[in-house]
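Enquirer: Requesting a structural model of the entry that follows:
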Amino acid sequence: VAVVAGLEIMLALVGKANDSLDAMNTLERLYDAAKSKKGKGEAEKLTRLQEQLESKKEIRAHVEETLSSFFNSIIVHRHRDTSPEIRTKSIQAIGSLVLQYKSKFLENSYLKYIGWALYDKHQDVRSAALSAIGNMYEDGLANELEMFTSRFKDRVLQMRLDKDKSVSVTAVETALSMAQKELLDAEQIEEMYAMITESDLDIRHAAAGFIQSTYVEQDLEKAFDQASKKSKKAINKEVFLLKGMVELLNAVAGDFEELQPMVDALLPHMEYLQDFALLCDVLAEDDSGDDTLNTSCKTTLANMILGSFTMVSGHDSVDDGTQRQGKAKKATSSSAACKAACLTLAQRMPGLLRKFATDPKTLTPLIEILQRLVLTFFSSNDKT
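Expert: Next up is the predicted model:
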């Protein structure tokens, strides 16, 4: 209790220090303005402003001295406390101090405690350290954190594979903050993309957010704008983005036949992954086009279609710890979306089967789609 109270006092003192700093800035502006004026009473005004400024400086110096005393007596000793809760609160406090009072705490002598906490044996402490780091990058402190980054970046990226799921998720989110500040190289970014293949749903969702914010919103959007400027004819943006996503999944998950878990995670960001007409049309494209997907990518796309249809039809085949109710599956199977998907796929499937008749890798998921079509959605005329 005493430690928590001490940390709260520190944060309250930061507010006092900031108030003094704001007052000092105001008084300095008034002082500079008064110096440029001449007239009766100006000298007295300057003296009064100078006295007020000195008073605020003394208050700030006293607050900073008190903060240093609290830091040395509480955090320096308690960041290694036997209680993981105390260690976690200590790291959270340092993160808050850095953001709220940068002029004092944005120094490596304070930041190192956050870096050391990345190696803590308890998951809550590791997660708190990652969150503090991510918040600092999001606050635009990448330049000030250059030395810290060079020392601890590799550790942050390694933590995507942490034994604790919550730490892995936070590590991916922190890596995104770093990537948005252009602190990761191409290889490191691809390692984060590969997290979309993890078995845990929450980790896949974090990876999907990383992919959306970096690969889609930056790389693909920029590539689309450039291609649109060069092309003499209009380019379908959804087709362009879809092909980019197929190429990415082929690179990081090309060896996976079951892509439903990846599609599930990506879908909240990419609704076109359940536009079955679009998916099938891209798969059916003539192989002679300049931007046509290669054979390996087409196999990946066929598996993506299967994965997306698996979700719509309620035939989830992957158990990643998420409990799904049979009643919900039944409702999904009878939904309008499932019916529309079945009708669209049934119309396009004959052409796709002919096209890939000699390509067993692509043909296999297409046949599985056929087997999963809900026949009750078809009229007697449709079944012929």
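
Enquirer: ok, the residue nearest to S335 when sequence neighbours are not counted - contacts?
Expert: Nearest residue to S335 in three dimensions, chain neighbours excluded: V312, at 7.8 Å (C-beta to C-beta, 6 or more residues apart in numbering). Placement of C-beta: from N, CA and C, glycine included. Applying C-beta atoms under 8 Å, 6 or more residues apart in numbering to V312 gives the contacts 274, 332, 335, 337-338, 341.

Enquirer: quick one: V312 and I196, what's the gap?
Expert: According to C-beta to C-beta, to the nearest Å, V312 and I196 sit 20 Å apart.

Enquirer: What is the strand or helix carrying G244 packed up against?
Expert: Per DSSP states H and E, G244 falls inside helix 237-253. Applying 3 or more C-beta pairs under 8 Å, 6 or more residues apart in numbering; DSSP states H and E, one finds that helix 237-253 contacts helix 186-193, helix 221-230, helix 260-266, helix 276-283, helix 295-313.

Enquirer: export those helices to TSV and tack on distance to T362?
Expert: Formatted as TSV, these follow (distance: least, C-beta to C-beta, whole Å):
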stretch	distance to T362
helix 186-193	23
helix 221-230	25
helix 260-266	17
helix 276-283	8
helix 295-313	5
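
Enquirer: I'd like the ones you listed written out as TSV, with mean pLDDT added.
Expert: Shown next, in TSV, are these (pLDDT from 0 to 100):
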stretch	mean pLDDT
helix 186-193	96
helix 221-230	93
helix 260-266	95
helix 276-283	96
helix 295-313	94
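
Enquirer: D154 is nearest to which of the ones you listed?
Expert: With respect to D154, and counting by C-beta to C-beta, the nearest of the helices and strands packed on helix 237-253 is helix 186-193 at 8.9 Å.

Enquirer: Please compute how far that closest one lies from its chain's middle.
Expert: 13 Å (C-alpha atoms, centre = their mean, to the nearest Å).

Enquirer: Contacts for the following helix or strand past that helix next, please.
Expert: The helix or strand immediately downstream of helix 186-193 is helix 201-211, counting by DSSP H and E. The contact list for helix 201-211, computed with C-beta under 8 Å, 6+ apart, reads 165-166, 168-169, 172-173, 175-176, 179, 192-198, 248, 261-262, 264-266, 268-269, 320-322.

Enquirer: angle of helix 201-211 against helix 237-253?
Expert: Here helix 201-211 points in a direction 120 degrees away from that of helix 237-253 (axes from the mean of the first three to the mean of the last three C-alpha atoms, to 10 degrees).

Enquirer: Can I get helix 201-211 in PDB? Just the C-alpha atoms.
Expert: C-alpha atoms of helix 201-211 as PDB (Å, rounded to 0.1, in the frame of the first residue of the first chain):
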ATOM      1  CA  LEU A 201      -6.900 -16.300 -32.300                       C
ATOM      2  CA  ASP A 202      -5.900 -13.100 -30.300                       C
ATOM      3  CA  ILE A 203      -2.400 -13.200 -31.700                       C
ATOM      4  CA  ARG A 204      -3.700 -13.600 -35.200                       C
ATOM      5  CA  HIS A 205      -6.000 -10.600 -34.700                       C
ATOM      6  CA  ALA A 206      -3.000  -8.500 -33.500                       C
ATOM      7  CA  ALA A 207      -1.000  -9.700 -36.500                       C
ATOM      8  CA  ALA A 208      -3.900  -8.800 -38.800                       C
ATOM      9  CA  GLY A 209      -4.000  -5.300 -37.400                       C
ATOM     10  CA  PHE A 210      -0.200  -5.000 -38.000                       C
ATOM     11  CA  ILE A 211      -0.700  -6.200 -41.600                       C
END
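
Enquirer: relative orientation of that helix and helix 186-193 in degrees?
Expert: Relative orientation of helix 201-211 versus helix 186-193 (the same axes, to 10 degrees): 140 degrees.

Enquirer: buried stuff in helix 201-211?
Expert: By neighbour count on 16 or more other C-beta atoms under 10 Å, the buried set for helix 201-211 is 201-211.

Enquirer: Quick one: residues contacting Y113.
Expert: Under the criterion of C-beta under 8 Å, 6+ apart, the neighbours of Y113 are 75-76, 79, 90-91, 94.

Enquirer: Where does L184 sit, in terms of helix or strand?
Expert: For L184, there is no helix or strand it lies in under DSSP H and E.

Enquirer: Got the phi and psi for it?
Expert: With angles defined as degrees, to the nearest 10, L184 sits at phi -110, psi 140.

Enquirer: isn't it right up against M178?
Expert: Yes - counting by C-beta atoms under 8 Å, M178 is a contact partner of L184 at 5.6 Å.

Enquirer: Chain neighbours aside, what residue packs nearest to L141?
Expert: In this structure, L141 finds its nearest non-sequential neighbour in L106, 6.8 Å apart by C-beta to C-beta, 6+ apart.

Enquirer: No further questions, thank you.
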